[in-house]
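J.: the amino acid sequence is not available; the structure is as follows:
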């Protein structure tokens, strides 16, 4: 039987066929580009030649889980193709993170914010588990197909964003509706948390210019609301720029977020903008200032938390987490642990992981930050132990999931467990491709893996680096 080239599974038409679960088209593409006859396809998938012919002609359709499994296994689909089809990948996240004998995590599925991992008890029938995974994923392919592929940032996207950060409204600019601006800011926040960074970079320049017009033109409550929306939009811009390690522009955007937050008069907006200015300080190497900024902002909120709302607790807890990260980078273990414990108490008061004020704050988010702090303080083993306690399903954003996985991969790398580090990085790439493909810090992690990988996984590590375009 002719070998199926790996490039076939990366074709756009093949990906679309898999997402639509159009096995007839999958077979046609296999015949066209790999040269397999209907008889050959049938022999490897356990189907008769007549059945393959009927599927390819469209007179019969594949709807049974077992047949999807046989097709995927027979054609030796790589994990990315299996997941596009709605099946579990063969590379399991469990073997990377969990070391328990009586359980394992079955998989980490991209694009499923409400369901990312499952625990499989010892002795449970594997077919039943995989059937449950398939049923749970019903509709994911159609959902992804409806969304379409993530838009890539245009070549001048960052330059357009830089210009928008310094532009001033010009006479004659039309005044946008406040409701339209609110929807656009919400969309930018959602796409950022989904790690669709190219989309966000491309939509921010026009959004920021429209918000500048609104804040300069509107009066009264409408103007305050416009300032609040601008604070959130500048917050997103600063976050994107920090991921790109453009510290100068990030500082400018973070400063604009603080300025417009104060102009809004909203204590919640002021507290939220304090989070991004803390991150900007931290990325600029100003650790002591970052700790004091986050702590002072949290204290101001704490004084007013007599009957806190979920928004209050989420902003307050997130500020404490930012302070803990800064304290850890300052090698101040005592302060870092103290701030984490206070954030943990806020998480317990909140009760569950939510996404109030776009914070993704909650008990599991606190655990994610414990992973980062332990890793920063040089305790990779403790970082992995904290990672094992995280219910990744409960994390409300792909950005937070991917960040946790990359921290865990770094911990495994420091610990000398390169195979697990590679598995976790692959899982992060499946959940949030742009988080690992386009961030300099992720590329450095991949290069570190390649440079230190033992011979047993060196080839896999290099292939992974090459798939991301990372020069190793």
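T.: Alright, I've got the coordinates. Because the structure is predicted, anything quoted here is derived from the model rather than measured.
J.: how near is residue 306 to residue 312?
T.: When distance is defined by C-beta to C-beta, to the nearest Å, residue 306 is 10 Å away from residue 312. The C-beta positions use only the backbone N, C-alpha and C, and glycine is treated the same way.
J.: more crowded one of these two?
T.: A count of neighbours by other C-beta atoms under 10 Å puts residue 312 above the other of residue 306 and residue 312, at 23 against 6.
J.: just the pLDDT for the more buried one.
T.: Per-residue confidence (pLDDT) for residue 312: 93.
J.: A helix includes it, no?
T.: Yes. Residue 312 sits within a helix when classified using DSSP: H, G, I helix; E, B strand; the rest coil.
J.: quick one: it and residue 272 touch, right?
T.: No. If you go by C-beta atoms under 8 Å, residue 312 and residue 272 don't touch, sitting 11.1 Å apart.
J.: helices of the stretch 301-450 of the chain, start to end?
T.: Counting by DSSP state H, counting those that start in this stretch, the stretch 301-450 of the chain has helices at residues 310-329, 333-350, 363-376, 380-389, 398-415, 418-431, 433-437, 440-452.
J.: in which helix or strand would I find the residue lying farthest from the centre of the chain?
T.: Distance from the C-alpha centroid of the chain, by C-alpha atoms, centre = their mean, peaks at residue 50 (43.7 Å). Assessed by DSSP states H and E, residue 50 sits inside helix 49-57.
J.: the very next helix or strand once past that helix versus helix 49-57: what angle between them?
T.: Sequence order places helix 65-74 as the next helix or strand after helix 49-57, per DSSP H and E. Helix 65-74 and helix 49-57 meet at an angle of 100 degrees, taking axes from the mean of the first three to the mean of the last three C-alpha atoms, to 10 degrees as the criterion.
J.: state the mean pLDDT of helix 65-74.
T.: Across helix 65-74, pLDDT averages out at 84.
J.: report the buried residues of that helix.
T.: Neighbour counts using 16 or more other C-beta atoms under 10 Å place 65, 67-72 of helix 65-74 among the buried residues.
J.: possible to save the residues you listed as a markdown table with distance to residue 330?
T.: Output for the buried residues of helix 65-74, formatted as a markdown table (distance: C-beta to C-beta, whole Å):
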| residue | distance to residue 330 |
| --- | --- |
| 65 | 53 |
| 67 | 57 |
| 68 | 52 |
| 69 | 52 |
| 70 | 56 |
| 71 | 55 |
| 72 | 50 |
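J.: for residue 400, state which of the residues you listed is nearest.
T.: Among the buried residues of helix 65-74, residue 72 lies closest to residue 400 (C-beta to C-beta), at 29.9 Å.
J.: relative to residue 47, how far out is the closest one?
T.: Counting by C-beta to C-beta, the gap from residue 72 to residue 47 is 13 Å.
J.: ok, now residue 76?
T.: Distance, residue 76 to residue 47, by C-beta to C-beta: 16 Å.
J.: these two: which is more packed in?
T.: Taking other C-beta under 10 Å, residue 76 and residue 47 do not tie; residue 47 has more neighbours (22 against 13).
J.: so what touches stretch 402-420?
T.: Identification of contacts with stretch 402-420 by C-beta atoms under 8 Å, 6 or more residues apart in numbering yields 95-97, 108, 195, 368, 371-372, 374-375, 380-381, 383-384, 387, 390, 392, 395, 421-422, 424-425, 427-428, 431-432, 435-436, 441-442, 445, 448-449, 452-454, 456-457, 461.
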